[in-house]
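# model this:
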Amino acid sequence: MPLRADMMADLCRIAPELILCVFGILLVALEPFVPSSSKRALGWLAFSGSLVAIASLWIVARHPGPAYGGLIQVDNFSLFFHGIILGSVAVVILGSINYLCEERLQRGEYYALVLFAAAGMGVLAGAGELITSFLGLEMSSISTYILAAFRRDARKSNESALKYFILGSFATAFFLYGIAMTYGATGTTRFTGIAQALSISGPTLLAVLGLGMMLVGLGFKVVIAPFQIYAPDVYEGAPTPVTALLASAPKVAAFALMLRIFYVAFGPVQHIWFWAIWISAVLTMCAGNFAALLQTNVKRMLAYSSIAHAGYILVAFAASTELGIAAVLFYLAAYALMKIGAFTVITHVGGRGERHLELSDYAGLAKKQPAIAACFTLFLLSLLGLPATGGFMGKFYAFQAGLDSRIIWLVVIAALNSIVGAYYYLRVILTMYFREPAGESGPDAGLGSEIEWMPQPVAASIWVVLIIAALGTLYLGIFPSRVMEFALRSAASLR
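Numbers count the residues shown, from 1 in each chain. All right, here's what the predicted structure looks like:
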């Protein structure tokens with residue numbers, strides 16, 4: 001009986017991953033039997049699966065502790081990240097339903113891959129040792145490699161997927177070599193065991209090399225400099241709902257793993273990795289913001305913006321305190337909401353074939369579809385860090401953690417980068433509200449040109465995603481205390 005009880009407890013602790021995989025398999029199995037006219041129902045089935053996985057977190061929360069001998073760790077930290085990941089996946093699926101219908105793409109495979117990727121991200125968030133984290137990383141990565149190339153007839157999509165796959169494979173190899181070196185230096189792959197070994201023996205050269213290798217692998221996943229070069233091309237070429245996924249959930253899961261590796265496993269040698277994070281934060285913020293200034297493609301601009309925000313998150317990461325960890329968690333929650341919301345607007349405005357991605361295509365959007373323009377403005381202002389938005393509170397907590405840890409110059413550089421970022425965010429807002437819509441600016445413009453640039457009517461599923469993202473962004477900006485309290489408890493459980 002005790003053995004059976006332990007088995008049931010372990011199954012409860014991985015309930016979200018089991019549910020996601022079951023629904024993914026079900027989608028692949030059902031698709032051949034679903035008529036073409038009813039394929040949209042597969043999207044709602046996938047959305048239902050993500051909601052069931054979210055509901056299962058209640059069961060997971062009632063069974064805290066290690067699962068399968070410590071391979072998986074269930075605590076407030078993993079629950080917080082599971083909530084962000086599963087919530088992100090749910091709204092991305094919702095935002096994909098209309099897009100897949102318009103583009104006439106395979107739906108069962110798409111939704112199954114999204115759910116499988118989410119299961120891998122869940123493993124990353126709760127991994128208690130390095131081999132388990134590698135399996136979660138591969139499960140997530142392989143699914144996203146395929147999703148990046150899902151527009152098979154688009155050359156940019158194929159190019160981005162090939163680049164993503166090749167560079168991602170190199171990053172995975174670095175991560176795997178890092179695991180091997182760490183095991184060779186400490187004799188274990190468990191995070192707590194690594195910490196104990198380093199506390200006794202100190203930072204050996206092999207252990208430091210192993211950490212450096214793993215930083216390269218994870219730096220690729222969280223898109224930090226100097227490992228960010230692939231991201232703009234991949235984000236631009238992938239289907240826009242996939243870009244929304246890539247910019248949110250995988251980055252969140254990879255940061256969860258980074259926190260466990262750096263703060264738990266390599267916590268005793270914090271003085272060694274601090275400067276690597278400090279320098280990477282500066283390079284990431286500057287590379288993202290200054291490259292975004294030059295972009296006229298809005299999708300590509302937001303890709304560089306994602307790089308810059310990874311740098312802001314590293315400011316809190318470098319703080320090396322409990323408040324710093326909590327700031328990372330809070331920032332990731334706000335970041336996921338505003339990025340998914342922004343890319344959902346781009347999905348809608350881009351239209352069939354994603355032909356309208358240039359800044360000029362947003363001219364006069366406030367006249368054509370004022371509600372869409374208002375939502376996009378909210379997300380851009382949140383990314384900028386305007387008060388009363390989640391982005392502002394995320395930066396506030398990150399900078400506060402940095403100041404408390406006396407990394408003042410890093411906070412100053414981050415603040416200056418925020419000012420630089422204001423230019424390209426405000427440029428989009430000014431284009432939407434103060435430039436004449438395409439086809440209406442000249443006296444000779446005909447009716448045909450005006451209709452050509454008119455976005456399609458907004459689908460109900462798109463509205464739901466935008467409302468969720470907008471309300472979440474405002475909630476985190478106006479009432480941040482409850483989420484921050486949970487983030488602080490989650491940070492304490494990591495320690």
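# quick one, what contacts the spatially most central residue of the chain?
A centroid search over the chain (CA atoms, centre = their mean) returns Ser248, at 1.7 Å, as the residue closest to the centre. Contacts for Ser248 (CB atoms under 8 Å, 6 or more residues apart in numbering) come out as 88, 92, 335-336, 339-340. Just so you know, the C-beta spots here come from the backbone N, C-alpha and C atoms, and that holds for glycine as well.
# before we move on, what about Arg107?
So Arg107 contacts 31, 39-40, 42-43, 100 (CB under 8 Å, 6+ apart).
# now the closest residue to Lys221 other than its chain neighbours: how far from Gly120?
Excluding its sequence neighbours, the residue lying closest to Lys221 (CB to CB, 6 or more residues apart in numbering) is Ala254, at 3.7 Å. Going from Ala254 to Gly120 by CB to CB, to the nearest Å gives 11 Å.
# Now for these two: what residues contact both?
Joint contacts of Ala254 and Gly120 (CB under 8 Å, 6+ apart) are Leu137.
# Kindly reformat the contacts of Ser248 as a markdown table containing distance to Gln400 and neighbour count.
Output for the contacts of Ser248, formatted as a markdown table (distance: CB to CB, whole Å; neighbours: other CB atoms under 10 Å):
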| residue | distance to Gln400 | neighbour count |
| --- | --- | --- |
| Ser88 | 25 | 28 |
| Val92 | 31 | 27 |
| Tyr335 | 17 | 26 |
| Ala336 | 21 | 25 |
| Lys339 | 22 | 26 |
| Ile340 | 26 | 29 |
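# Do you have the strands of this structure handy? List them.
65-67, 72-74 (DSSP state E).
# Around Val28, count how many other residues there are.
16 (other CB atoms under 10 Å).
# Next, the contact list for the nearest residue to it once chain neighbours are set aside, please.
Nearest residue to Val28 in three dimensions, chain neighbours excluded: Ala112, at 4.9 Å (CB to CB, 6+ apart). Contacts for Ala112 (CB under 8 Å, 6+ apart) come out as 24-25, 27-28, 46.
# Just the ones in helices from those, please.
Of the contacts of Ala112, the ones assigned to helices by DSSP state H are 24-25, 27-28, 46.
# just those residues now: which is nearest Gly187?
Gly24 (36.6 Å; CB to CB).
# Model confidence for that closest one, exactly?
pLDDT, Gly24: 94.
# The nearest residue to Gly341 once chain neighbours are set aside: neighbour count?
In this structure, Gly341 finds its nearest non-sequential neighbour in Ala469, 3.1 Å apart by CB to CB, 6+ apart. Residues near Ala469, counting by other CB under 10 Å, number 28.
# Then Tyr68?
14.
# For Gly70, see how far away the nearest residue to it once chain neighbours are set aside is.
Nearest non-adjacent residue to Tyr68, counting by CB to CB, 6+ apart: Asp10, 5.5 Å away. Computed as CB to CB, the Asp10 to Gly70 distance reads 11 Å.
# neighbour count winner among the two?
Asp10 (18 against 15).
# Let me see the contact set for the spatially closest residue to Leu494 that is not a sequence neighbour.
Nearest non-adjacent residue to Leu494, counting by CB to CB, 6+ apart: Phe77, 4.5 Å away. Phe77 makes contact with 256, 259-260, 490-491, 493-494, according to CB under 8 Å, 6+ apart.
# can you do 7 Å?
490, 493-494 (CB atoms under 7 Å, 6 or more residues apart in numbering).
# Between these, which sits nearest Leu205?
For the contacts of Phe77, the nearest to Leu205 is Leu494 (27.2 Å; CB to CB).
# ok, now how distant is Tyr424 from Glu436?
Distance from Tyr424 to Glu436, by CB to CB: 21 Å.
# which of the two has more neighbours?
Neighbours per residue, other CB under 10 Å: of Tyr424 and Glu436, the larger number sits with Tyr424, 25 against 12.
# The more buried one contacts Ala291, correct?
No. Applying CB atoms under 7 Å as the test, Tyr424 and Ala291 come out as separate, 9.8 Å apart.
# And the helices in the stretch 1-150 of the chain?
Taking DSSP state H, counting those that start in this stretch as the criterion, the stretch 1-150 of the chain carries its helices at 2-13, 15-30, 40-55, 57-61, 76-103, 107-126, 130-148.
# For the longest one, the averaged confidence score.
Helix 76-103 shows a mean pLDDT of 91 in the predicted model.
# Please identify the buried residues of that helix?
76-100, 103 (16 or more other CB atoms under 10 Å).
# Report how far apart the opening and closing residues of stretch 70-84 are.
Distance across stretch 70-84, first residue to last, is 23 Å (CA to CA, to the nearest Å).
# I'd like the distance from that stretch to the chain centre, please.
The chain centre lies 16 Å from the centre of stretch 70-84; the measure is CA atoms, centre = their mean, to the nearest Å.
# follow-up on the earlier one: if any of the ones in helices among the contacts of Ala112 are buried, give me the PyMOL selection for them.
In PyMOL, this line selects whichever of the ones in helices among the contacts of Ala112 come out buried by 16+ other CB under 10 Å:
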select buried, resi 24+27+28+46
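# Of all pairs in the ones in helices among the contacts of Ala112, which one spans the longest distance?
Most distant of the ones in helices among the contacts of Ala112, by CB to CB, are Ile25 and Ala46, 11.9 Å apart.
# Tell me, please, where in the stretch 1-150 of the chain the pLDDT is lower than the cut-off.
Where the stretch 1-150 of the chain drops to pLDDT under 70, the residues are 1-3, 5.
# if you set the cut-off to 80 instead, what comes out?
1-7, 36-37, 103-106 (pLDDT under 80).
# Same check on the stretch 301-450 of the chain?
351, 353-354, 436-450.
# hey, where'd the helices end up in it?
322-350, 365-368, 370-384, 390-404, 408-434, 447-452.
# quick one: contacts of the third one?
Outside of helix 370-384, the residues within contact range by CB under 7 Å, 6+ apart are 305, 338, 341-342, 345, 348, 365-366, 389-391, 421-422, 425, 428-429, 432-433, 458, 466, 469-470, 473.
# tell me which residues in that helix are buried?
372-373, 375-384.
# Report the inter-axis angle for it versus helix 390-404.
0 degrees (axes from the mean of the first three to the mean of the last three CA atoms, to 10 degrees).
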